[in-house]
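Novice: the amino acid sequence is not available; the structure is as follows:
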């Protein structure tokens, strides 16, 4: 029987805050690291995305961090992406009580971040680039930081942040505690551990490539000109989906092509503002759009429940990128599908990548119907009698183990496929769909121009928009597709 949070040394106030969210028993990575981290030791941990790392390092930070002076935080968490920094902040704030937690990252204005730093922040969550900007403008001083966490350290290395990470660590207190979490502990991460950690305890949880073991992997032979049409068929068969493209321009172009095919899609990449990225992610997580078209900025650090399909529209750079991208599905005990589109001149490289990842899959012709049937097959890990550790995929309350394995958002665990003619035809039905049914599709948030006289409540206008659908496929018409999706309610931690 695993120990409780209290038995691991977590203060009563934090235990109570966690219990209010239904978090009663620690996950494996938390059980392995909490005692060492609470005692002040350096920790080097390898664990997959979504395994509960935020609580593993967040609880000790809240428990031990002292009151901060203005512009002088006492604890620092470095993260590779804006989305991950925001999610870490929301998660820690949910049990932090009076401890002030704030995030700083690019893509948004400086004013709010500067105001927070002037008031004082105990735990600062930051992306390296924006943090260095704030330091150079003398809005923050790291000399009082005696607790540092490096989350997704391997991803920061992949993104070229290691020189900045080293510069930032050099500005913190010499006697600091340094906690590092990464999916891999070799290469630049190993050098960082050697140079900046003091006799760290090492904890490894899960397999080297745990994010893809539960997914169904399939490879389709597709001509370059046919990729957009084939992708729309795949998404209409199984969604919600995340589609990965190589470039920003390619992501925007594909989203427009999918829109012409009746698939509602949003884009997320480095060329969009933080507000646009947050809105797109929120609309996707709430079920308002079927697909999120992304560059590799979304391969790590974005945790969304119930992603049924990952599409490699452009091949990943290497096997590591394949693992990171594919890990967006088959999470929290659910199954999922990873679809790779392969042109004839790409097959040799993709076969080499398959060998590096440890999968052996034939290249077949596109078959949306077969994809839909594949979505109904159970998680192969569960069939083998191994139930993966539950996880918190979105910034939402962590489940206690007594609640059991979470059901799929679509059908209570019975399948993922979705047909466009199953989409809701009224706003009331849309609300039900977004809360739990993958068989009900995204709603159009703006009425078509052709409408009857508008009543005070606007109900007639909404009715006319619902009636003006395209053909017999149930998809939204062109005017509705072009409607600007309003940002949804902010997700709770």
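Specialist: That came in fine, so what should we check first? Just so it is clear, the model here is predicted, and its values are computed rather than measured. Numbers count the residues shown, from 1 in each chain.
Novice: tell me how far the closest residue to residue 79 other than its chain neighbours lies from residue 131.
Specialist: Nearest in space to residue 79, with sequence neighbours left out and distances taken as CB to CB, 6 or more residues apart in numbering, is residue 85 at 4.3 Å. Every residue, glycine included, has its C-beta placed from N, CA and C. The spacing between residue 85 and residue 131, counted by CB to CB, to the nearest Å, is 10 Å.
Novice: so what sits against both of those two?
Specialist: Taking CB atoms under 8 Å, 6 or more residues apart in numbering as the criterion, residue 85 and residue 131 both touch residue 104.
Novice: residues in contact with residue 188?
Specialist: Per CB under 8 Å, 6+ apart, neighbours of residue 188: 154, 157, 162.
Novice: show me where the stretch 251-400 of the chain has its helices.
Specialist: Remark: helices assigned in the stretch 251-400 of the chain by DSSP state H, counting those that start in this stretch are 274-285, 319-326, 347-357, 368-375, 380-383.
Novice: give me the mean pLDDT for stretch 284-299.
Specialist: The predicted model assigns stretch 284-299 a mean pLDDT of 86.
Novice: pull out the buried residues from that stretch.
Specialist: For stretch 284-299, a neighbour-count test (16 or more other CB atoms under 10 Å) marks 284-299 as buried.
Novice: cool, stretch 114-128 as well?
Specialist: Within stretch 114-128, the residues scored as buried using 16+ other CB under 10 Å are 114, 116, 117, 120, 121, 122, 123, 124, 125, 126, 127, 128.
Novice: and those, which is closest to residue 2?
Specialist: residue 123 (26.7 Å; CB to CB).
Novice: tell me where the model's unsure across the stretch 301-450 of the chain.
Specialist: 301-302, 332-333, 378-450 (pLDDT under 70).
Novice: list the buried residues for stretch 268-279?
Specialist: For stretch 268-279, the neighbour count (16+ other CB under 10 Å) marks 268, 269, 272, 276, 277, 278, 279 as buried.
Novice: please disregard the earlier target; I meant stretch 226-234.
Specialist: Within stretch 226-234, the residues that qualify as buried by neighbour count (16+ other CB under 10 Å) are 227, 228, 230, 231, 232, 233, 234.
Novice: for these, which one is nearest residue 70?
Specialist: Nearest to residue 70 among these: residue 231, at 50.6 Å, using CB to CB.
Novice: against which helices or strands is the strand or helix carrying residue 125 packed?
Specialist: For residue 125, the host element (DSSP states H and E) is strand 123-126. Judged by 3 or more CB pairs under 8 Å, 6 or more residues apart in numbering; DSSP states H and E, the packing partners of strand 123-126 are strand 75-78, helix 82-96, strand 101-104.
Novice: please tabulate the buried residues of stretch 226-234 in JSON lines, including the columns pLDDT, distance to residue 137 and secondary structure.
Specialist: Listed next are the buried residues of stretch 226-234 as JSON lines, based on pLDDT from 0 to 100; distance: CB to CB, whole Å; DSSP: H, G, I helix; E, B strand; the rest coil:
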{"residue": "227", "pLDDT": "97", "distance to residue 137": "45", "secondary structure": "helix"}
{"residue": "228", "pLDDT": "96", "distance to residue 137": "44", "secondary structure": "helix"}
{"residue": "230", "pLDDT": "97", "distance to residue 137": "49", "secondary structure": "helix"}
{"residue": "231", "pLDDT": "97", "distance to residue 137": "44", "secondary structure": "helix"}
{"residue": "232", "pLDDT": "97", "distance to residue 137": "46", "secondary structure": "helix"}
{"residue": "233", "pLDDT": "96", "distance to residue 137": "50", "secondary structure": "helix"}
{"residue": "234", "pLDDT": "97", "distance to residue 137": "47", "secondary structure": "helix"}
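Novice: tell me the one among those residues nearest to residue 6.
Specialist: Of all those, residue 6 sits closest to residue 234, with 47.7 Å by CB to CB.
Novice: so who does that closest one touch?
Specialist: Taking CB under 8 Å, 6+ apart as the test, what residue 234 contacts is 241, 309, 311, 339, 366, 368, 371.
Novice: burial count for the nearest residue to residue 93 once chain neighbours are set aside?
Specialist: Distances taken as CB to CB, 6+ apart place residue 101 nearest to residue 93, at 5.0 Å, with adjacent residues excluded. Neighbours of residue 101 under the rule other CB atoms under 10 Å: 25.
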